[in-house]
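[1] I would like the atomic coordinates for the input below:
(chains A and B)
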Amino acid sequence: MKVTFLDFEQPVAELESKIEQLRYVQDDSALDISEEIGRLQKKSQTLTKEIYAKLTPWQISQVSRHPQRPYTMDYIQHLFTDFEELHGDRAYADDSAIVGGLARFNGQSVMVIGHQKGRDTKERQYRNFGMPRPEGYRKAMRLMRLAEKFGIPIMTFIDTPGAYPGVGAEERGQSEAIGKNLYVMAELRVPMICTIIGEGGSGGALAIAIGDALLMLQFATYSVISPEGCASILWKSASKAPDAAETLGITATRLKALGIVDKIVSEPPGGAHRDYPAMMQAMKKALQESLKQVQSLPMTELLQARFNRLMGYGKFKEVEL
Amino acid sequence: MSWFQKLLPPKINRRELGAESKKNVPEGLWHKCPACQAVLYHSDLEKNFSVCPKCNHHHRITARTRLDWLLDAEGRFEIGAEVQPLDTLKFKDSRKYSERLTVAQRETGESDAMVVMQGSVHALPLVVAVFEFTFMGGSMGSVVGERFVRGVQLATEQNMPFVCFSASGGARMQEGLLSLMQMAKTCGALTQLSQARLPFISVLTDPTMGGVSASFAFMGDVVIAEPGALIGFAGARVIQQTVRETLPEGFQRAEFLLEHGAIDMIVDRREMRKQLATLITLLTKQSAVAEIEAA
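    Residues are numbered from 1 along each chain as shown, chains lettered A, B, ... in the order given. The predicted structure follows:
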């Protein structure tokens, strides 16, 4: 697969196309230029590392939306076996922007739930760009309750621009569907691990993201509003999105410092999409560790810890009146 | 009005006065109903709980006004006022968040967008949280979340119902993800009230949108709306940009939600005290309100 390069990766893109040309030359020439190719590849890697070491929050949000980034189904395919997808909310429809089902993780039964985006135009449309409707959240809740009934831990993967803002979604209670999930997840009697793998778009992301451990990929974002949305409201211009991204504090490092994210999962140089096997390995390790941790607690302690964690969100001061 | 202005034809007169008329009329004497354009005496409007006597339009009211009209005069005290906002992110758009807070505090006399009180309605003790919409659009940040939680905790400890009147544009952007987490925090607190089998009544007033609508607002054991209140997840502008079609008549209004099964009932503000008291007595299996008051 040919890598799609982002604007700020142009120097790398140029190097890579040069390497590609040299390879082509090498194929039908007697000259051995493999050393030159190796040298350029090394240079490309160093350059990538350099660029990725100092990404701005706005650039990170571009990476988090990269069209080749691994999606929920990719993680399911690589990290789980026996995946049995379960469909529908039993009330209205099956929402393809959220996938979920039973699977095995290292042989153990788990419930996997995640947002799903599409790769090509047709699939993107089918997945509604990863923007769930109320049915999606209700399906997720149904699967969470199912997992609870059988004492199966839950793993969620978060990657959405947000809940779908449509007429039908409003008519069928988008607000209620999200609110209900927040409420249910707070008292769900089963361990739950949530991972932000791409875009954590506001309430639409949060609706499947409350649990006992919150992991976040290095170049994922999690925000109360998209940088573009924030810029168009507060600056009255979407072009100020880079400023909004900066001040909103949407990156893994900022959110870890705020105590919201527990663990940052490192991505391969150039982002998750540049090296799927490495990304899968890092993810597997992180999930394994978290699962072990949350499973070590008795249920009452787990629930108390989750409750305390929820009640601890927020920064304010207390004054004497 | 000067003799010269009296001589002018009415049209010109109005145009000339347009910009200044607001300043010239003593503050609060007249009020024009935005729904039916009727010109009302402010005192008449207030006597009617800020509901237009001509068209029943429910005007937005401040949190303290609502509490004053709702609660019995005796035995009120405020909860969580000691919790006050911080600019954790050092958020800055065209203006600093800290400055916006100072301005909002000066203009509203409130320290943040929610007032919580313990008190009683028709002698039934309860805890009531009310959003102050004029404080940064009633947006929910860390302080709103914490005051809400303290209210719920007190209700749980004291074995009382909890009532919340929402009026909010959603989460407070200036607190970034911390404000999103208030959605989780408020819902989490309600699970404890629920485990104690205490009622949560959620009243949605104009407007209840975004992160407030999509968290605790619809989690009430009974969900009530005021007539005509705008209630929804996404704003009309965002939806219109997405779907590129005209929105249905009355979209996202209380009556629309009732029709779609999203809320239990619409209650006129003038009946709110009585309705809340009746619901609470029914849910908690107490005798009728009149009997309690007589006792």
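
[2] do you know how far residue A:63 is from residue A:251?
    Separation of residue A:63 from residue A:251 (C-beta to C-beta, to the nearest Å): 10 Å. In short, each C-beta sits where N, CA and C put it, glycine included.

[3] the strands in the stretch 151-300 of chain A, which residues?
    Applying DSSP state E, counting those that start in this stretch to the stretch 151-300 of chain A gives strands spanning A:154-160, A:192-201, A:213-217, A:221-223, A:263-265.

[4] swap in the stretch 1-150 of chain B?
    Here the stretch 1-150 of chain B has its strands, by DSSP E, counting those that start in this stretch, at B:30-32, B:39-41, B:77-79, B:83-85, B:114-121, B:124-131.

[5] Which one of these lies nearest to residue A:163?
    Among those, strand B:124-131 comes nearest to residue A:163, with 21.8 Å by C-beta to C-beta.

[6] quick one, that closest one and strand B:114-121 angle?
    Strand B:124-131 runs at 160 degrees relative to strand B:114-121, counting by axes from the mean of the first three to the mean of the last three C-alpha atoms, to 10 degrees.

[7] now strand B:124-131: mean pLDDT?
    Mean pLDDT, computed over strand B:124-131, is 98.

[8] which of the residues in that strand are buried?
    For strand B:124-131, the neighbour count (16 or more other C-beta atoms under 10 Å in any protein chain shown) marks B:124-131 as buried.

[9] Kindly state the pLDDT recorded for the residue of the stretch 1-150 of chain B found nearest chain A?
    Residue nearest to chain A within the stretch 1-150 of chain B (C-beta to the nearest C-beta): residue B:142, separated by 3.3 Å. pLDDT for residue B:142: 98.

[10] Number of residues surrounding it?
    25 (other C-beta atoms under 10 Å in any protein chain shown).

[11] Same question for the one 3 residues further on.
    The number of residues packed around residue B:145, counting by other C-beta under 10 Å, is 31.

[12] Just want the most central residue of the chain.
    In the absence of a named chain, chain A is used. Centroid-nearest residue in chain A: residue A:197, 1.9 Å away (criterion: C-alpha atoms, centre = their mean).

[13] wrong one, I was asking about chain B
    Note: chain B centre (C-alpha atoms, centre = their mean) maps to residue B:167, 3.3 Å.

[14] Next, work out how far apart that residue and residue B:200 are.
    Residue B:167 sits at a distance of 17 Å from residue B:200 (criterion: C-beta to C-beta).

[15] re earlier: how near is the residue of the stretch 1-150 of chain B closest to chain A to residue B:285?
    Residue B:142 is 37 Å from residue B:285, where distance means C-beta to C-beta.

[16] if we can go back for a sec, in contact with the residue nearest to the centre of chain A: list those residues for me.
    A:69-72, A:75, A:114, A:157-159, A:217, A:220, A:272 (C-beta atoms under 8 Å, 6 or more residues apart in numbering or on different chains).

[17] Looking at these, which is nearest residue B:187?
    residue A:158 (17.4 Å).

[18] Relative to residue A:63, how far out is residue A:232?
    Taken as C-beta to C-beta, the span from residue A:232 to residue A:63 is 22 Å.

[19] Who has more neighbours out of these two?
    A direct count of neighbours by other C-beta under 10 Å for residue A:232 and residue A:63 places residue A:63 higher, at 24 against 18.

[20] Would you mind measuring from the spatially closest residue to residue A:22 that is not a sequence neighbour to chain B?
    Nearest residue to residue A:22, sequence neighbours excluded (C-beta to C-beta, 6 or more residues apart in numbering or on different chains): residue A:37, at 5.2 Å. As judged by C-beta to the nearest C-beta, to the nearest Å, residue A:37 and chain B stand 44 Å apart.

[21] so who does residue A:37 touch?
    A:19, A:22-23, A:26.

[22] if we go to 7 Å?
    Neighbour list for residue A:37: A:19, A:22-23 [criterion: C-beta atoms under 7 Å, 6 or more residues apart in numbering or on different chains].

[23] That one: which element?
    Using DSSP states H and E, the element containing residue A:37 is helix A:34-53.

[24] pull the CA atoms of that helix into PDB?
    Output of helix A:34-53 as PDB, limited to C-alpha atoms (Å, rounded to 0.1, in the frame of the first residue of the first chain):
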ATOM      1  CA  SER A  34      21.400  -0.900  -2.800                       C
ATOM      2  CA  GLU A  35      23.800   0.900  -0.500                       C
ATOM      3  CA  GLU A  36      22.500   4.200  -1.700                       C
ATOM      4  CA  ILE A  37      19.000   3.100  -1.200                       C
ATOM      5  CA  GLY A  38      19.800   2.000   2.300                       C
ATOM      6  CA  ARG A  39      21.400   5.300   3.100                       C
ATOM      7  CA  LEU A  40      18.300   7.200   1.900                       C
ATOM      8  CA  GLN A  41      16.000   4.900   3.800                       C
ATOM      9  CA  LYS A  42      17.900   5.600   6.900                       C
ATOM     10  CA  LYS A  43      17.700   9.300   6.200                       C
ATOM     11  CA  SER A  44      14.000   9.100   5.600                       C
ATOM     12  CA  GLN A  45      13.500   7.300   9.000                       C
ATOM     13  CA  THR A  46      15.600   9.900  10.800                       C
ATOM     14  CA  LEU A  47      13.700  12.700   9.200                       C
ATOM     15  CA  THR A  48      10.400  11.100  10.100                       C
ATOM     16  CA  LYS A  49      11.500  10.700  13.700                       C
ATOM     17  CA  GLU A  50      12.600  14.300  13.700                       C
ATOM     18  CA  ILE A  51       9.300  15.600  12.400                       C
ATOM     19  CA  TYR A  52       7.200  13.400  14.700                       C
ATOM     20  CA  ALA A  53       9.200  14.400  17.700                       C
END
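
[25] Off-centre distance for it?
    In terms of C-alpha atoms, centre = their mean, to the nearest Å, the centre of helix A:34-53 is found 27 Å from the chain centre.

[26] ok, and for it, which residues are buried?
    A:37, A:40, A:44, A:47-48, A:51-52.

[27] Can you tell me which of the residues you listed is nearest chain B?
    Once C-beta to the nearest C-beta is applied, the member of those that ends up nearest chain B is residue A:52, at 22.7 Å.

[28] so that closest one touches residue A:270, yeah?
    Yes. With contacts counted by C-beta atoms under 7 Å, residue A:52 reaches residue A:270, the gap being 6.2 Å.

[29] still on that earlier bit, pull the contacting residues for the residue of the stretch 1-150 of chain B closest to chain A.
    For residue B:142, the contacting residues are A:314-316, B:175, B:178, B:182, by C-beta under 7 Å, 6+ apart.

[30] hmm, which of the contacts of residue A:37 are the buried ones?
    Buried among these by 16+ other C-beta under 10 Å: A:19, A:22.

[31] want to throw the contacts of residue A:37 into CSV with distance to residue A:128?
    Output for the contacts of residue A:37, formatted as CSV (distance: C-beta to C-beta, whole Å):
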residue, distance to residue A:128
A:19, 38
A:22, 42
A:23, 39
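
[32] From the contacts of residue A:37, which land in helices?
    Secondary structure from DSSP state H places A:19, A:22-23 of the contacts of residue A:37 in helices.
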